[in-house]
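1. The following block contains a protein sequence and its predicted model.
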Amino acid sequence: MKRKLYQTMLRNESGLALILVMILMVVGSLLITPVLYYLMTGLKAGQVYEEYLEELYAADAGVHQVIPFIKGNKGLPSTGNSTDFTGNLTQTTVNGKTIEVSIYTQHTGYAGGLYKITSLLYI
């Protein structure tokens, strides 16, 4: 009896492989679309973050170019007083991006003064 049931089950399996393959293809196509979308979104986010860091480092480079001028008090735009200066100091290019650095005297005093440095990056 068991042998007869087993033989009947084996005979009725024609076309089962096609059905299984079709099911796997449908499941695979349903899963691959969101995975590809997720990967593309991650790639775009990485590119935006990389551009942001390049811009931040370029602006930071502009600030670091001004510090020796403040310490040496050389080549700074003057408003009359030798320690009081304001205005655009330099415009340079870093990594293909134009940076304009401005410096303003906030307060002069014992420690050399308080300065406001603005580094603008033009894309």
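-> The structure has been received and is ready for your questions.
2. Three-state assignment for the residue nearest in space to the middle of the chain, please.
-> Closest residue to the average C-alpha location of the chain: Tyr49 at 1.0 Å, with C-alpha atoms, centre = their mean. Using DSSP: H, G, I helix; E, B strand; the rest coil, the structure places Tyr49 in helix.
3. and the gap between it and Gly42?
-> Distance, Tyr49 to Gly42, by C-beta to C-beta, to the nearest Å: 11 Å. C-beta coordinates here come from the backbone N, C-alpha and C atoms, glycine included.
4. show me what contacts the nearest residue to Ile70 once chain neighbours are set aside?
-> Sequence neighbours aside, Tyr115 is the residue nearest to Ile70 in space, at 5.9 Å (criterion: C-beta to C-beta, 6 or more residues apart in numbering). Counting by C-beta atoms under 8 Å, 6 or more residues apart in numbering, Tyr115 makes contact with Ile70, Ile103, Tyr104, Thr105, Gln106.
5. who's Tyr115 bridged to?
-> Judged by DSSP bridges, the bridge partners of Tyr115 are Thr105.
6. confidence score at it?
-> Tyr115 carries a pLDDT score of 77 in this model.
7. try Gly15
-> For Gly15, pLDDT reads 74.
8. Show the low-confidence segments of the chain, by residue range.
-> Across the chain, the ranges flagged by pLDDT under 70 are 1-3, 5-14, 73-90, 108-112.
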